[in-house]
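[1] The sequence isn't on hand, but the structure is:
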């Protein structure tokens with residue numbers, strides 16, 4: 001049964017009798033396969049006609065490049081954590097750096113080397129190609145700190161909301177440091193220069209710890225840690241402003257197409273205000289239909305909100321992408337092998353699809369499908 005089913009789900013149509021032979025199990029499995037194929041085709045259609053693509057990337061994006069996550073099936077960041085009985089949330093805090101700097105920097109040393117040695121999987125390349133085709137380009141909003149995205153997109157198309165391990169800052173950013181929150185790039189081979197104590201992988205030598213060039217206090221990664229009040233936002237503010245301006249350009253493009261509708265709606269509102277007894281609904285059914293048609297026309301060249309590997313425990317990326325996707329002319333593609341539910345309203349309006357796959361698998365399938373649409 002296993003081999004015939006495996007063969008069946010690779011084909012466009014099931015062999016005669018396959019669903020009957022396998023009963024309800026076979027029918028359910030086949031239905032899932034068909035639904036997934038349909039979702040991939042819809043996602044590919046949106047990508048191939050997109051005016052803009054907003055990528056929202058969580059930790060799941062890096063799993064196929066060999067990077068672990070701190071939750072879920074791909075959990076596994078630094079082996080000594082389990083041996084020491086320390087949770088990820090405990091090591092990724094300002095207190096850990098201050099109270100146990102050698103241990104904390106051994107953790108960050110491991111992460112920095114792993115991030116630098118990891119190669120972007122082919123899904124990153126697919127997004128890079130889509131960036132060149134979309135009229136308004138691609139912008140990436142990510143909470144990942146692995147410094148992977150700067151290899152794919154230009155600095156002006158990237159908002160690393162939680163910072164990056166490729167930059168450092170003073171651990172006393174809010175105190176008396178004359179650098180006033182200065183952020184600086186990690187020197188070449190920085191992580192390797194953090195020598196470990198002999199026969200240990202959980203402690204950096206005391207003399208190898210990095211220090212702030214302005215005040216001499218301990219330096220730390222420019223990463224927004226748990227319970228962090230010292231995270232320097234100097235670099236992230238610049239990226240956030242670039243993100244705001246990009247969204248503004250997208251909104252302006254949408255508004256230009258909706259201008260005739262907005263003008264008619266404004267006239268209707270003003271006319272209603274002049275009434276002796278204003279109506280609760282100033283727009284006529286004809287005007288409402290005019291808006292529906294205009295918004296439907298927008299979806300021929302949608303703004304694609306492409307969410308990849310974003311978790312639910314810290315839903316920063318999911319919330320940001322869902323908020324954008326709710327706007328006129330936007331659609332949502334959610335890629336997540338574990339938490340792939342999509343907002344009911346978007347699903348009911350046909351403006352969201354769910355791909356319960358890994359990042360590289362989903363992006364590869366979408367890319368393959370777009371090839372036939374060009």
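    Right, received. Where do you want to start? What you are looking at is a predicted structure, and each value in this text was computed from that prediction instead of being measured.
[2] Could you give the backbone dihedrals for the nearest residue to residue 163 once chain neighbours are set aside?
    Distance criterion CB to CB, 6 or more residues apart in numbering; nearest residue to residue 163, sequence neighbours excluded, is residue 223 at 4.2 Å. From N, CA and C alone the C-beta is placed, and that goes for glycine too. Backbone torsions of residue 223, given as degrees, to the nearest 10, read phi -130, psi 140.
[3] so who does residue 223 touch?
    By CB atoms under 8 Å, 6 or more residues apart in numbering, the contact set of residue 223 is 92, 145, 162, 163, 164, 165, 231.
[4] tell me, what residue is most central in this structure?
    residue 57 (1.7 Å; CA atoms, centre = their mean).
[5] From residue 352, how far off is that one?
    Per CB to CB, to the nearest Å, residue 57 is found 18 Å from residue 352.
[6] In the stretch 101-250 of the chain, what residue spans correspond to strands?
    138-142, 158-160, 163-170, 183-185, 219-223 (DSSP state E, counting those that start in this stretch).
[7] And for residue 314, the neighbour number?
    16 (other CB atoms under 10 Å).
[8] Next, it: secondary structure please.
    Put simply, residue 314 is coil when judged by DSSP: H, G, I helix; E, B strand; the rest coil.
[9] hmm, which two among the contacts of residue 223 are most spread apart?
    92 and 164 (14.2 Å; CB to CB).
[10] Show the contacting residues for the nearest residue to residue 367 once chain neighbours are set aside.
    With sequence-adjacent residues excluded and distances taken as CB to CB, 6+ apart, residue 367 is closest to residue 126, at 4.1 Å. Each residue near residue 126 by CB under 8 Å, 6+ apart is listed here: 363, 364, 366, 367.
[11] which ones are touching residue 141?
    54, 55, 56, 57, 159, 161, 243, 317, 320, 321.
[12] Tell me how far it lies from residue 295.
    Counting by CB to CB, the gap from residue 141 to residue 295 is 24 Å.
[13] how far away is residue 312 from residue 245?
    Residue 312 is 29 Å from residue 245, by CB to CB.
[14] List phi and psi for residue 56.
    Torsion angles, degrees, to the nearest 10, at residue 56: phi -120, psi 110.
[15] which residues of this protein fall in helices?
    Assigned by DSSP state H, the helices in the chain fall at 2-8, 18-49, 80-84, 88-91, 94-99, 101-117, 122-133, 234-273, 285-298, 316-325, 344-348, 359-371.
[16] Out of the ones you listed, which is closest to residue 177?
    Nearest to residue 177, of all the helices of the chain, is helix 234-273, at 12.5 Å by CB to CB.
[17] I'd like the average pLDDT over the closest one.
    Helix 234-273 carries an average pLDDT of 84.
[18] Just give me how far that helix sits from the chain centre.
    Helix 234-273 has its C-alpha centroid displaced from the chain centroid by 23 Å (CA atoms, centre = their mean, to the nearest Å).
[19] now that helix and strand 219-223, what's the angle there?
    Per axes from the mean of the first three to the mean of the last three CA atoms, to 10 degrees, the angle that helix 234-273 makes with strand 219-223 is 30 degrees.
[20] Run through this protein and note the low-pLDDT ranges.
    1-23, 25, 69-76, 261-262, 264-291, 374 (pLDDT under 70).
[21] let's go with 80 and repeat that
    The model of the chain has pLDDT under 80 over residues 1-28, 30, 68-77, 173-175, 258-296, 372-374.
[22] Of the contacts of residue 223, just say which sits nearest to residue 102.
    residue 92 (15.9 Å).
[23] That closest one contacts residue 224, doesn't it?
    No - Residue 92 is not in contact with residue 224 according to CB atoms under 8 Å; the separation is 9.5 Å.
[24] So for those two, which residue has more residues nearby?
    Higher neighbour count among residue 92 and residue 224: residue 92, with 23 against 18, using other CB under 10 Å.
[25] contacting residues for the more buried one?
    When contacts are counted by CB under 8 Å, 6+ apart, residue 92 touches 223, 225, 226.
[26] Leaving out chain neighbours, which residue sits closest to residue 52?
    Take residue 52 and drop its neighbours on the chain: the residue closest to it by CB to CB, 6+ apart is residue 136, 3.7 Å away.
[27] can you tell me how far the one you found sits from residue 191?
    The spacing between residue 136 and residue 191, counted by CB to CB, is 37 Å.
[28] same thing with residue 372?
    Using CB to CB, we find residue 372 at a distance of 43 Å from residue 191.
[29] neighbour count winner among those two?
    residue 191 (19 against 9).
[30] List the residues that contact the more buried one.
    108, 109, 112, 113, 116.
[31] before we move on, what about residue 101?
    Residue 101 is in contact with 204, 209, 218, counting by CB under 8 Å, 6+ apart.
[32] Now that we have these, which of them are buried?
    204, 209, 218 (16 or more other CB atoms under 10 Å).
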